[in-house]
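J.: this is a predicted model, with the sequence first.
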Amino acid sequence: MLDTRNKILDAARAAEIVNAGATVVVAYFDPLIAWHSRWLAMFKKPDRPLLVVIADPDRAILPNAARRELVAGLRIVDYVAEFTPELVAASKGAHRLESQDRELFADLLKLVHQRNQGVAAPAN
């Protein structure tokens, strides 16, 4: 079992990790889907910790704390923190993925509505 208790950081500790050279990814992860894991793997560098900052979308499905716990459960992720403007400002090279997350969520909603209406999902 993966122990995530030391992976979820407060803003001050997260800022220290950023200043030490972590790779930072900012996204919603609402909901967390397999695509997020593949995405994060692209940003992971062998010699640098991966810090994921959980931002809040409009009308989130899951609370931020729940999303932090879920993302911390991913082996590829070294640290997780809640979004603060100061933390993200300190993360000058952060990978901001909120717009992609919005698109993923919209696509997921369409798929759910189609399935509820009995429409077959498009082939990939």
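T.: Good, I have the coordinates.

J.: next up, the contacts around residue 8.
T.: 68-69, 72, 79-81 (C-beta atoms under 8 Å, 6 or more residues apart in numbering). The way it works is simple: take the backbone N, C-alpha and C, and place the C-beta from them, glycine included.

J.: just those now: which is nearest residue 51?
T.: residue 79 (4.5 Å; C-beta to C-beta).

J.: on that earlier part again, sitting in strands, which of the contacts of residue 8 do you find?
T.: 79-81 (DSSP state E).

J.: re the thing from before, most neighbours of all the contacts of residue 8, which one?
T.: Among the contacts of residue 8, the one with the most neighbours (other C-beta atoms under 10 Å) is residue 81, at 27 neighbours.

J.: give me the spatial nearest neighbour of it, chain neighbours excluded.
T.: residue 14 (3.6 Å; C-beta to C-beta, 6 or more residues apart in numbering).

J.: could you list the low-pLDDT ranges of the chain?
T.: In the predicted model of the chain, residues 1-3, 119-124 satisfy pLDDT under 70.

J.: same for the lengthiest helix in it, what does it pack against?
T.: If you go by DSSP state H, the chain has its longest helix at helix 98-116. Helix 98-116 makes packing contacts with strand 23-27 when contacts are defined by 3 or more C-beta pairs under 8 Å, 6 or more residues apart in numbering; DSSP states H and E.

J.: starting from the strand it packs on, tell me which strands it pairs with and how they run.
T.: As defined by DSSP bridges, the strand partners of strand 23-27 come to strand 50-54 (parallel), strand 95-96 (parallel).
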